[in-house]
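Q: Okay, here's the prediction I keep looking at, along with the sequence it came from:
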Amino acid sequence: MNRTRFLKNFAGLGLLSIWGCQTGSGKASLAALEDATQGPENPESVKLLRQELKTAWLRSEKMTLTNVEQMPPEFFTFKYTKEAMSFAEQWRHCVIYTCGQLAGRAGLKNPYKDVKLPVQMPKEDVIKELKNMYTFVRQSIDELPNEKLLASCDFAGDKIPIWRLFYALENHIIHHRGQCVVYLRLKGVKPKGYYGW
């Protein structure tokens with residue numbers, strides 16, 4: 001990675017390496033993204049940003065469901081220590097946290113505001129709630145007005161644009177998905193690979 005790309009990534013401007021790979025023009029993609037982050041005046045750039053976000057979250061859903069579907073139903077209450085969350089709780093936490101953070105910071109209606117998910121859920125319920133979460137995220141990407149998507153929100157002691165919040169929330173899911181890979185291994189399941197984008 002060259003120094004300019006590193007600095008842009010570090011500054012949060014070089015977001016869409018995958019987008020550049022898909023379009024075959026990393027420099028053009030980066031320029032369009034930089035246009036989008038300057039404001040809603042360039043609707044085509046914001047449209048491309050939305051497409052990238054949806055692509056990232058569709059891939060996230062596929063990887064998450066690959067992980068969850070591999071765990072036998074009888075092990076959804078498995079914890080590696082009594083203090084840890086169970087396999088089911090890991091995913092319940094992701095659903096509640098993702099929807100709550102996105103709704104609260106982007107000014108959306110939280111689909112779980114008046115829903116109390118059980119702490120332990122069977123496999124089919126975990127899968128159903130994860131699909132609901134991913135649907136909510138994709139709908140939010142589609143329906144947020146440009147001005148809101150590009151507006152800033154408070155997050156982790158800093159201010160970030162709402163579009164970057166989508167990446168921060170996916171990063172949180174990656175963290176828990178990684179933990180759940182270990183849960184699978186501890187129960188003798190060899191995790192399926194899901195490398196690539």
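A: Looks like it came in fine.

Q: Quick one: the strands in this structure, in order.
A: Ranges of strands in the chain, per DSSP state E, are 152-155, 158-161.

Q: Spatially central, which residue of the chain would that be?
A: Nearest to the geometric centre of the chain sits Glu170, at 2.3 Å (CA atoms, centre = their mean).

Q: so what's that one closest to, chain neighbours aside?
A: Sequence neighbours aside, Ser60 is the residue nearest to Glu170 in space, at 5.3 Å (criterion: CB to CB, 6 or more residues apart in numbering). Quick note: C-beta positions are derived from backbone N, CA and C, even for glycine.

Q: Give me the neighbour count for that neighbour.
A: Other residues near Ser60 come to 19 when the count uses other CB atoms under 10 Å.

Q: any idea which helix or strand of this protein has the worst average confidence?
A: Least confident element among the helices and strands of the chain, by mean pLDDT, DSSP states H and E: helix 17-23 (a mean of 41).

Q: Ile173: what's its closest spatial neighbour, skipping adjacent residues?
A: Cys94 (5.3 Å).

Q: what residues are up against the one you found?
A: Residues near Cys94 by CB atoms under 8 Å, 6 or more residues apart in numbering: 64, 130, 133, 172-173, 176.

Q: do the same with Gly188
A: Counted by CB under 8 Å, 6+ apart, Gly188 has zero contacts.

Q: shaky segments in the protein?
A: 1-41, 194-197 (pLDDT under 70).

Q: longest helix of it?
A: helix 43-70 (DSSP state H).

Q: That helix packs against which elements?
A: helix 17-23, helix 26-38, helix 87-106, helix 123-143, helix 146-150, helix 162-186 (3 or more CB pairs under 8 Å, 6 or more residues apart in numbering; DSSP states H and E).

Q: Buried residues of the fourth one, list them for me.
A: To tie it back to what came earlier, the one meant is helix 123-143. Across helix 123-143, burial judged by 16 or more other CB atoms under 10 Å covers 123, 125-127, 129-130, 133-134, 136-138, 140-141.

Q: chain center to the longest helix of the chain, what's the gap?
A: 7 Å (CA atoms, centre = their mean, to the nearest Å).

Q: Next, the angle from it to helix 87-106.
A: 160 degrees (axes from the mean of the first three to the mean of the last three CA atoms, to 10 degrees).

Q: Name the residues of helix 43-70 that are buried.
A: Residues of helix 43-70 classed as buried: 45-46, 48-50, 52-53, 56-57, 60-61, 63-65, 67-68, 70 (neighbour count, 16+ other CB under 10 Å).
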